[in-house]
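Visitor: Provide a 3D model corresponding to the input given below.
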Amino acid sequence: MADAATTSLTYVSTSDYHAGRKAAGDDEGSGDKLYNSFPGGSGKFQKSGERTRLLPGKSGVEAGSGKQGQLRRQLTLTNAVGLIVGSIIGSGIFITPNQVLEQTGSVGVSFFIWIACGILACGGALCFCELGTCIPNAGATYAYILRAFGGLPAFLYVWTAGFVIRPASRAIISLAFAEYLARPFYDDTIGNGSNTTNSTLNSSYLFINPEDDFNPEIERAPTWLLKLLAALCVVALGLINIYSVRLMALVQDISMVIKLLAIVLLITTGLVFIGQGNHENINNFMNGTDVTAERLGKAFYGGLFSYDGWDSLFFAAEEVDNVAKVFPLAVKIAMGTVIFAYMLANLAYMSLLSAKEIIDTTVIAVDAVRPVLGVAGALYVMPLLVAVSTFGATNGATFVAGRQTFAAAREGSFPEFLAVVHNRWKTPIASLIFQSLIAIFYLIPSDIGTLLDIFSFAAWIFYGLCFVGLIVLRFREPHLERPYKVFIFIPVLMILASLYLVIAPFFDDPYSSLYVTAGIIGGIPVYFLFVYERTSPGFFRTVSSVITRYTLIICASSLPAGDSDEDIFK
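Guide: Residues are numbered from 1 along each chain as shown. Presented below is the predicted three-dimensional model:
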């Protein structure tokens, strides 16, 4: 395995692919395999989809050197920590604590669920450290599944993530940003206890005097305004990510500091409240416990949604200096910070509000600080801090979505025009525009709450596949260089956890789970029609080449190293 700083993907033609197979003594009918023999390169290459290319290995061209068609290595350890923390701490910690408590019945079990979710997220990140340092590819999850299991499973992942998971997540977080940003300008209810709706995404009940009773006729932020603000958020962050990786990292670093201030403010409020002798809400820690296997799974979904983003750094594998050193250190610093902050934040929630108030409220951060900070703190300070927090989370999600689509297109699983890189800015411009348009599309429906239910189910299917792939690669490629190697017990534990998180929802809500499963399976005919070379009609490849030609001109961009512009312009 090449040194991480000089690792890239090199593309080879179909004729060279077959020549390499013949030189290696391999037969033509053995399917998707990994090979060592190729003139001019030392990586292992694999036929996947429409094109054939080397898997990560020393190619003689330094990745991230800033040449045309390549991403530039410019993210430091501080940027890496900021990317993880900024992607995780977004809207989740401000909207899901009530869901976790509702499914467990007691603050004690709820608190332990949050600890367990942190451990699972950290375990997943450590597994990805091993995969990310030995396969430093911008596709992350996609690249790991591709290497371990081949083209079809990798395509099914990117199909699900590209069209559902990533854009829907961005739409949800940007809507949360819009709601909190609009709160100080509209009069409505603060969301006190039973006076609020129990719908997270429809919690546009803004502020009136907290002493007043809830009145549904009071003016609320109009839906069109919330969607407009959310769309502007998506567009603005899309442009930032297109223009400069350093500017994106700066936004992420600043938002990380501000969102930590929001958590610190919440924690300080809780500690002050406890210091004043208010222990009533946490004295009976286990009262009301009501747990079943199915409800426990849904509680984990709520907690793990708040930790989502632990894998964001690995999509920047081709833009981070010295991944072998930065990845493990950044994960330990970032995950330790987030877990500690979440524990204290939940302790603050549980001390400031009763169990019933936590379950009933839809704006828990606002309700929690009101007893200590008063109306001004609840009306202006906390909504603004949460808005900045969600803005940073959307920024991190934008970065990840763009890199994921870019990597999939570069590997032939998505149309080739999505793999172009801007000549000057060195960013995947087409994939960022594409993902932003899909995210805006998800803002159109009036109710996207169902996406929260399918998000974790779909995500943990493929997370689990990555953990299995880690063990598969340990046995199949024992000599693959692994700068970081995780203790084998951790991926085994993560596989078991993934199985539980995928199976449990079938007993509680089989229809949603079956719907997601059908959507994933629906990607199989798409793969054979549009991606797999032996069954894909030549007409589709011709159309893709024409679109790529004009994309290169309009976006002032180039294809990744090894894909010749002349081939497209023939």
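Visitor: Where does pLDDT dip in this structure?
Guide: Low-confidence segments of the chain (pLDDT under 70): 1-72, 74, 187-220, 362-363, 445-452, 561-570.
Visitor: In the stretch 251-400 of the chain, mark out all the helices, start to finish.
Guide: Using DSSP state H, counting those that start in this stretch, the helices of the stretch 251-400 of the chain run over 280-283, 293-307, 323-352, 355-360, 364-376, 382-410.
Visitor: how many degrees apart are the third one and helix 364-376 in direction?
Guide: The directions of helix 323-352 and helix 364-376 differ by 60 degrees, with axes from the mean of the first three to the mean of the last three C-alpha atoms, to 10 degrees as the criterion.
Visitor: And the second one, by the same measure?
Guide: Helix 293-307 runs at 60 degrees relative to helix 364-376, counting by the same axes, to 10 degrees.
Visitor: helices or strands next to helix 293-307 in the packing?
Guide: helix 97-104, helix 107-134, helix 323-352, helix 450-476, helix 489-508 (3 or more C-beta pairs under 8 Å, 6 or more residues apart in numbering; DSSP states H and E). C-beta coordinates here come from the backbone N, C-alpha and C atoms, glycine included.
Visitor: Rebuild those as a markdown table, extending it with mean neighbour count and distance to L228.
Guide: Putting the helices and strands packed on helix 293-307 into a markdown table (neighbours: other C-beta atoms under 10 Å; distance: least, C-beta to C-beta, whole Å) gives the following:
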| stretch | mean neighbour count | distance to L228 |
| --- | --- | --- |
| helix 97-104 | 25 | 28 |
| helix 107-134 | 23 | 33 |
| helix 323-352 | 21 | 30 |
| helix 450-476 | 20 | 20 |
| helix 489-508 | 17 | 34 |
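Visitor: Ok, which of those helices comes nearest L156?
Guide: Minimum separation from L156 across the helices and strands packed on helix 293-307 (C-beta to C-beta) falls at helix 450-476, 8.1 Å.
Visitor: Give me the distance between that closest one and the centre of its chain.
Guide: Here helix 450-476 is found 13 Å from its chain centre; the criterion is C-alpha atoms, centre = their mean, to the nearest Å.
Visitor: of all the helices of the stretch 251-400 of the chain, which lies closest to L83?
Guide: It is, among the helices of the stretch 251-400 of the chain and with distance given as C-beta to C-beta, helix 382-410, at 6.0 Å.
Visitor: Quick one: distance of the closest one to the chain centre.
Guide: 8 Å.
Visitor: can you give me the angle that helix makes with helix 364-376?
Guide: Using the same axes, to 10 degrees: helix 382-410 against helix 364-376 is 150 degrees.
Visitor: Could you look up the next helix or strand downstream of helix 382-410?
Guide: strand 421-422 (DSSP states H and E).
Visitor: that older thread, how about the helices of the stretch 251-400 of the chain in TSV, adding distance to I490?
Guide: TSV is the format used below for these (distance: least, C-beta to C-beta, whole Å):
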stretch	distance to I490
helix 280-283	32
helix 293-307	16
helix 323-352	12
helix 355-360	32
helix 364-376	32
helix 382-410	23
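Visitor: if you skip the residues just before and after it, what's nearest to V526?
Guide: Distance criterion C-beta to C-beta, 6 or more residues apart in numbering; nearest residue to V526, sequence neighbours excluded, is W159 at 6.6 Å.
Visitor: who does the helix or strand containing that neighbour touch, helix- and strand-wise?
Guide: Assigned by DSSP H and E, W159 falls within helix 151-160. Here helix 151-160 touches strand 45-48, helix 141-149, helix 382-410, helix 450-476, helix 510-521, helix 523-526, going by 3+ C-beta pairs under 8 Å, 6+ apart.
Visitor: do that again at 6 Å, thanks
Guide: Applying 3 or more C-beta pairs under 6 Å, 6 or more residues apart in numbering; DSSP states H and E, one finds that helix 151-160 contacts helix 141-149.
Visitor: what's in contact with the helix it packs on?
Guide: 131, 135, 137, 153-154, 157-158, 407-408, 465-466, 469, 472-473 (C-beta atoms under 6 Å, 6 or more residues apart in numbering).
Visitor: wouldn't the residue nearest to V526 be in contact with G523 here?
Guide: Yes. When contacts are counted by C-beta atoms under 6 Å, W159 is listed as touching G523 (3.8 Å).
Visitor: Quick check: phi and psi on the most centrally placed residue in the chain?
Guide: For the chain, the residue nearest the mean C-alpha position is G309 (4.5 Å; C-alpha atoms, centre = their mean). Dihedral pair for G309: phi 120, psi 0, per degrees, to the nearest 10.
Visitor: and it, what does it touch?
Guide: Going by C-beta under 6 Å, 6+ apart, the list of residues near G309 reads 87-88.
Visitor: Please point out which parts of whichever strand or helix holds N79 sit buried.
Guide: Per DSSP H and E: N79 is located in helix 77-88. Within helix 77-88, the residues scored as buried using 16 or more other C-beta atoms under 10 Å are 77, 79-88.
Visitor: where does the spatially closest residue to S354 that is not a sequence neighbour sit relative to L352, distance-wise?
Guide: Setting aside the residues directly before and after it, S354 is nearest to N281 in space (C-beta to C-beta, 6+ apart), at 5.2 Å. Using C-beta to C-beta, to the nearest Å, we find N281 at a distance of 7 Å from L352.
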